[in-house]
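# output the structure for:
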Amino acid sequence: LTFQEYFTARKIVASHKLQASNQALEQLVTHLTEPRWREIFLLTATMLSSADSLLQLMMQQRDALVAHDPALQKFLAWVSEKSLATPPPPAAIRAFYFALANKPHLVPLLALNSTLNQEFFLDMVLDDLMLKCALASITDPTLAQACVDALNNALIMTLDMELHHALQALKAQLPDRTKSQKSVQAWWQTNYLAWLEQLKAAIIKHRQTQQSWPLSPEQQECLQQYYDASQLLLDCLNSNCAVTTAVRQEIEAALLLPQKELEERQWVGFLKKTVV
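Next comes the predicted model:
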């Protein structure tokens, strides 16, 4: 298989040189979503004297996967909005690399990074809270306790006073664990689902996360293909291939963006070139 992949990549590169066009590369990118072609993409990228055209074609093919689906575009717009809402401050980035270079003390240093970048870390904590509470069961007290512990962690991390008050009010609704096990179980059985919905609503209201995305199996598969294609594109970009700084920046800046923002970026780029 390794020899087959190597010679396939070599033939594509040879055809690309002979044709003096992108026809061979355009044919290659039609296989972008096929896992068995992954190594061929990586090999081809490293064999080309310039991988710019291949990487740009891969990016276009990837974006076309979701370009005409309003639901997937809405999801990508939400992802973009959330990323802009909580950009990591420079101190958090410095703390991350400081932690990376001092592996023996990694855990406490990453805790410092999380403290400096609380807005981003809070969403992770709230996601864990929803997961733990969704798994809570009246038949297993340890799962219910895990939900309570996760709620306490979220309260510690929350700086937004309105969200903090909402979580505190939800905590106050939980049964007193010093009471009889029967009464505690009765509360979970009667109130748990309604309480969980209140928790979800509070997180959606204050953090715009935990929304349900009612995607069909076909849309979920398409989104997974889009993600895998993005990963392959980055793997090619970070391989030992020849790529210009401009193309690298273009690909990194356009990662996981909705079509509207991609078109806006293209329009701004066109205006800049026109002015020059």
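# low-confidence ranges, this protein, go.
When residues are selected by pLDDT under 70, those of the chain lie in 85-120, 137-141, 209-212, 267-276.
# so which residue is smack in the middle of it?
For the chain, residue 79 is the residue whose C-alpha lies nearest the centre (CA atoms, centre = their mean; 7.6 Å).
# so which bits of the host helix or strand of that residue are buried?
Secondary structure from DSSP states H and E places residue 79 in helix 70-85. Across helix 70-85, burial judged by 16 or more other CB atoms under 10 Å covers 72, 73, 75, 76. Backbone N, C-alpha and C define where each C-beta goes, glycine included.
# you'd agree the residue nearest to the centre of the chain is up against residue 256?
Yes. With contact defined as CB atoms under 8 Å, residue 79 reaches residue 256; the gap is 5.9 Å.
# residue 68 in helix, strand or coil?
Applying DSSP: H, G, I helix; E, B strand; the rest coil to residue 68 yields a three-state assignment of coil.
# torsion angles phi and psi at it?
When read as degrees, to the nearest 10, the backbone of residue 68 gives phi -110, psi 20.
# from residue 150, how far off is it?
Residue 68 sits at a distance of 39 Å from residue 150 (criterion: CB to CB, to the nearest Å).
# please say which of the two ends up with more neighbours.
The residue with more neighbours, out of residue 68 and residue 150, is residue 150; 20 against 9, by other CB atoms under 10 Å.
# and the more buried one, what is it in contact with?
Listed by CB atoms under 8 Å, 6 or more residues apart in numbering, the contact partners of residue 150 are 125, 128, 129, 131, 132, 133.
# contact partners for the spatially closest residue to the last one that is not a sequence neighbour?
Using CB to CB, 6 or more residues apart in numbering and skipping the chain neighbours, the partner closest in space to residue 133 is residue 147 (4.3 Å). Going by CB under 8 Å, 6+ apart, residue 147 touches 129, 132, 133, 135, 136.
# likewise for residue 153?
For residue 153, the contact set (CB under 8 Å, 6+ apart) comprises 125, 128, 129.
# in helices, which of these fall?
Using DSSP state H, 125, 128, 129 are the members of the contacts of residue 153 that sit in helices.
# got the buried residues for the helix or strand hosting residue 221?
Following DSSP H and E, the helix or strand that holds residue 221 is helix 217-237. Neighbour-count burial for helix 217-237, with 16+ other CB under 10 Å as criterion, is recorded at 219, 222, 223, 225, 226, 229, 230, 232, 233, 236, 237.
# closest to residue 10 among the residues you listed?
Nearest to residue 10 among those is residue 236, at 16.4 Å by CB to CB.
# correct me, but that closest one touches residue 48?
No. Counting by CB under 8 Å, residue 236 does not reach residue 48; the two are 10.2 Å apart.
# so residue 164 belongs to a helix, correct?
Yes. Residue 164: assigned to a helix according to three-state DSSP.
# quick one, the helix holding residue 79 and helix 217-237 angle?
Computed by axes from the mean of the first three to the mean of the last three CA atoms, to 10 degrees, the angle separating helix 70-85 from helix 217-237 equals 50 degrees.
# hmm, back to that, distance to residue 162 added to the buried residues of helix 217-237, as a markdown table?
Converted to a markdown table, the buried residues of helix 217-237 look like this (distance: CB to CB, whole Å):
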| residue | distance to residue 162 |
| --- | --- |
| 219 | 34 |
| 222 | 37 |
| 223 | 32 |
| 225 | 39 |
| 226 | 35 |
| 229 | 39 |
| 230 | 35 |
| 232 | 42 |
| 233 | 40 |
| 236 | 45 |
| 237 | 41 |
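# what number of residues are in the vicinity of the residue nearest to residue 134 when sequence neighbours are not counted?
Spatial nearest neighbour of residue 134, excluding adjacent residues (CB to CB, 6+ apart): residue 196 at 7.1 Å. Residue 196: 16 surrounding residues under other CB under 10 Å.
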